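> Output the structure for:
(chains A, B, C and D)
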There are 2 protein chains.
Amino acid sequence: MSAPVVRSPVRKTLPYPDLRDVSVAAVLRVLGEPLRLGIVRALAQSDRPMNCSSFGLSCSKSTSTYHFKSLRESGVIIQFDVGTSRYSELRDAALEERFPGLLTAILEAEEPAASAEKP
Amino acid sequence: MSAPVVRSPVRKTLPYPDLRDVSVAAVLRVLGEPLRLGIVRALAQSDRPMNCSSFGLSCSKSTSTYHFKSLRESGVIIQFDVGTSRYSELRDAALEERFPGLLTAILEAEEPAASAEKP
DNA sequence: GGCATTGTACGAATTTTATCGTACTACGAA
DNA sequence: TTCGTAGTACGATAAAATTCGTACAATGCC
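All right, here's what the predicted structure looks like:
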């Protein structure tokens, strides 16, 4: 007779770079895309990891995969799988250490009054 | 009899946007390009306006025109013509007001040890 | 097992960016 | 006025980024 097995859910973390190897230009480039910046804003407001489908992005599944991957590969987020979901989490502490003040400044920027800018 | 005419050199400023109309994403995007970030770094270190040819950019004249124009149109620099030269100047005060801390954080970021990142 | 859910990988198509050459303009100096 | 310098504008091309569809894999639930 065997004791019941309690499984803690498996959590597989995907590879991500050491921020010492990431240039500030690469981070700016990746955050310069509105959809990705929106993802980062959402992550910054949530205090827990979010799974990809909970962002309500207005693009196809494969496109959102693409943007999340860009963010991870440039060091901005980490991702891990639990069950069939992939969660994302902002690397805010690591970013703050590598690029002091950068993320804060970006997140605090107000959007323009949505009028012109490039019609 | 007429007094001698002292001409102060004509200074024609090129059009540039009000930073209230510029999104942070647009600024990040434009600074996410290494050549342009290099221009901004050089301007930040110089305490006077620089003319385009004094940057020693490793690209053609038309390419450098293109990048300076991108920077101006996204609100990062102003440009003005004196004689046959066009000078550029960082809009650091305006940027600081619109995006507090952003430019400082970007300029203070150290480059990675030039090894890998994406070979 | 069978099925729905979540998300990936790959390839293709489209769009946007970046680069350059050439022809041209404006100014200043000789 | 003629020449050289500084830089633009335009068009072409090349290179990157973005977007999507489709086919597929892994997990959890019935």
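
> For the spatially most central residue of chain A, what are phi and psi?
With distances taken as C-alpha atoms, centre = their mean, A:Ile77 lies nearest the centre of chain A, 3.9 Å away. With angles defined as degrees, to the nearest 10, A:Ile77 sits at phi -130, psi 160.

> ok, now the one 10 residues further on?
Summarising the backbone geometry of A:Tyr87 under the convention degrees, to the nearest 10, its torsions are phi -100, psi 150.

> What of A:Asp47?
Dihedral angles (degrees, to the nearest 10) for A:Asp47: phi -100, psi 0.

> now swap in A:Asp18 and tell me
Per-residue torsions, A:Asp18: phi -70, psi 130 (degrees, to the nearest 10).

> what do you get for A:Ser88?
Torsion angles, degrees, to the nearest 10, at A:Ser88: phi -120, psi 150.

> Verify the stated contact: it with A:His67.
No - A:Ser88 lies out of contact with A:His67 (C-beta atoms under 8 Å); the separation is 10.4 Å. Every residue, glycine included, has its C-beta placed from N, CA and C.

> Would you state the strands of chain A in chain order?
Ranges of strands within chain A are A:11-13, A:50-51, A:77-82, A:85-90, based on DSSP state E.

> Would you reformat these as a markdown table and include mean pLDDT?
Below are those laid out as a markdown table (pLDDT from 0 to 100):
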| stretch | mean pLDDT |
| --- | --- |
| strand A:11-13 | 89 |
| strand A:50-51 | 93 |
| strand A:77-82 | 96 |
| strand A:85-90 | 96 |
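
> Make CSV out of the ones you listed and add distance to A:Gly38.
Below are the strands of chain A laid out as CSV (distance: least, C-beta to C-beta, whole Å):
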stretch, distance to A:Gly38
strand A:11-13, 24
strand A:50-51, 12
strand A:77-82, 13
strand A:85-90, 13
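
> Any idea how many residues pack against A:Val22?
A:Val22 has 24 neighbours, counted by other C-beta atoms under 10 Å in any protein chain shown.

> List the contacts of it.
Listed by C-beta atoms under 8 Å, 6 or more residues apart in numbering or on different chains, the contact set of A:Val22 reads A:74-75, A:98, B:112, B:117.

> quick one, which of the strands of chain A is nearest to A:Arg20?
Nearest to A:Arg20, of all those, is strand A:77-82, at 15.8 Å by C-beta to C-beta.

> Any idea how far the closest one is from the middle of the chain?
The chain centre lies 9 Å from the centre of strand A:77-82; the measure is C-alpha atoms, centre = their mean, to the nearest Å.
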